[in-house]
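In: Below are the sequence and a predicted model for it; my questions follow.
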Amino acid sequence: MNITTRLKLSLMMFLEFFIWGAWFVTLGTFLGNNLQASGSEIASVFSTQSWGAILAPFVIGLIADRYFNAEKILGILHLAGAFLMYQMYQSDEIGQFYIYVLSYMILYMPTLALVNSVAFNQMQDPEKEFATIRVWGTIGWILAGLSISFLFHWDAATAVSQGLLKNTFLLSGIAAFILGIFSFLLPKTPPKITAVDKIKIGDLLGFDALKLLKDKNFAVFFLSSILICIPLAFYYQNAHPFLSQAGIENPTGKMAIGQISEALFLLLIPMFLVRFGFKKTILVGMLAWAMRYALFAYGNAGDLSFMLIIGIALHGICYDFFFVSGQIYTNSKAGEKYKSAAQGLITLATYGFGMLIGFGVAGWITDNFKMLDGATNWEMVWIIPACISLAVFFLFALFFKEKNKTKEEIPVIIKIQENEYQLK
């Protein structure tokens, strides 16, 4: 790959995740303070991510893969997204805001697959080349958080009370507009199939991989993947409002520690998988969720602030050791015939239906655990997902029976970089 192409792809990844990280992390705090949204209303807004994930395969499979170059669709979607971001910036009512954010997520979630398609199309050896391109997406997310906290100070207590968090949508909109224009300068990525080729809805959603559920172990993993998304939703939806209300300074910047941890712990997964196997690695990830929420439940912004920071830093273990390891396990079980379908099915189950359930539960819990003064009982809000994580931990430990690793699975473990693009 020549240097010009490498720079273009790196900038594309940087902007793609800068856009997401610049508004999604602070969304819960914005909704509660600027729009006075209830827990259930906040859950509905966060659930738009799940609806976007559910509809994304249709956008990609029915349009992007059949009629237009991926880079052109990427540009159009981000330009439309920039307009919707501006509308979100101007919104002052939760009902109006919901319409814009739902429309935005339906357009944005397909772009996650499109940027990968553009990048992979330029690589002769993705296993070696992709990681160095995708890492700029993680850097973009981290810098978005650091900018909000340490450059613009929009998440400071006084700024939040003045409603300045709405500026995050303007920042994201500007970045989306830049990426929208820049996308038309990216390397050409033509459709994968012709418009006349038949396509089945089941193929788009990965339904062919349902045959894998006949395997008891895979069925246990599949169910656990859906259930573990319930505590995951608590983190996405409640972490920033919790840290802000707890009195943590620069909460958005400090939450970027989670993405740094995510990148670092990725390097440890090959060692864990080879030495301990899938089951123990995934169990460590589940246990980390329970530990994180216990730290959140009993930590504070004073002498126990280190507990909150450790809870944030555990994100790397929570996400990588379960979700990335799970993707590798799915890949090894599916084989060549169902590989893509299986990954699509797991994505639909987790970020689609699993997170949809999780956001609903998190919103209900937040609304129903209030103290006499109306403040959120954060201890109970975090203890409940900690208990859910432990329940999933014991479910998986009891019913998943790991077999000895086959020779075919070892290369999958070693080549973990192939799956790095799933991080976010």
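Out: Alright, I've got the coordinates.
In: How far does the helix or strand encompassing Val118 sit from its chain's centre?
Out: According to DSSP states H and E, Val118 maps onto helix 94-121. Offset of helix 94-121 from its chain centre (CA atoms, centre = their mean, to the nearest Å): 12 Å.
In: Which other helices and strands does the helix or strand that that helix is followed by contact?
Out: Downstream of helix 94-121, the next assigned helix or strand under DSSP H and E is helix 126-146. In this structure, helix 126-146 packs against helix 3-24, helix 94-121, helix 251-266, with contacts taken as 3 or more CB pairs under 8 Å, 6 or more residues apart in numbering; DSSP states H and E. Bear in mind the C-beta positions are built from the backbone N, C-alpha and C, glycine included.
In: So which of those is nearest Gly81?
Out: Gly81 lies closest to helix 94-121 among those, at 5.3 Å (CB to CB).
In: quick one: buried residues of that closest one?
Out: Across helix 94-121, burial judged by 16 or more other CB atoms under 10 Å covers 94, 97-98, 100-121.
In: what angle do it and helix 126-146 make?
Out: What separates the directions of helix 94-121 and helix 126-146 is an angle of 150 degrees, with axes from the mean of the first three to the mean of the last three CA atoms, to 10 degrees.
In: Helix 94-121 vs helix 3-24, what angle?
Out: In terms of direction (the same axes, to 10 degrees), helix 94-121 departs from helix 3-24 by 160 degrees.
In: Mind checking the pLDDT average for helix 94-121?
Out: Mean pLDDT, helix 94-121: 91.
In: can you start the count at 510 instead of 1 from here on
Out: Taking 510 as the first residue, the last one we looked at is helix 603-630.
In: Mind giving me the packing neighbours of it?
Out: Packed against helix 603-630, as judged by 3+ CB pairs under 8 Å, 6+ apart, are the following elements: helix 512-533, helix 548-555, helix 557-568, helix 579-599, helix 635-655.
In: cutoff 6 Å now
Out: Contacts defined by 3 or more CB pairs under 6 Å, 6 or more residues apart in numbering; DSSP states H and E place helix 603-630 against helix 512-533, helix 548-555, helix 557-568, helix 579-599.
In: gap between Gln633 and Val644?
Out: Separation of Gln633 from Val644 (CB to CB, to the nearest Å): 19 Å.
In: Please read the previous query as pertaining to Leu652.
Out: 12 Å.
In: Tyr598 too?
Out: Computed as CB to CB, the Tyr598 to Val644 distance reads 30 Å.
In: Then Ala579?
Out: Distance, Ala579 to Val644, using CB to CB: 21 Å.
In: quick one: which of these two has more around it?
Out: Between Ala579 and Val644, Ala579 has the larger neighbour count (other CB atoms under 10 Å), namely 28 against 17.
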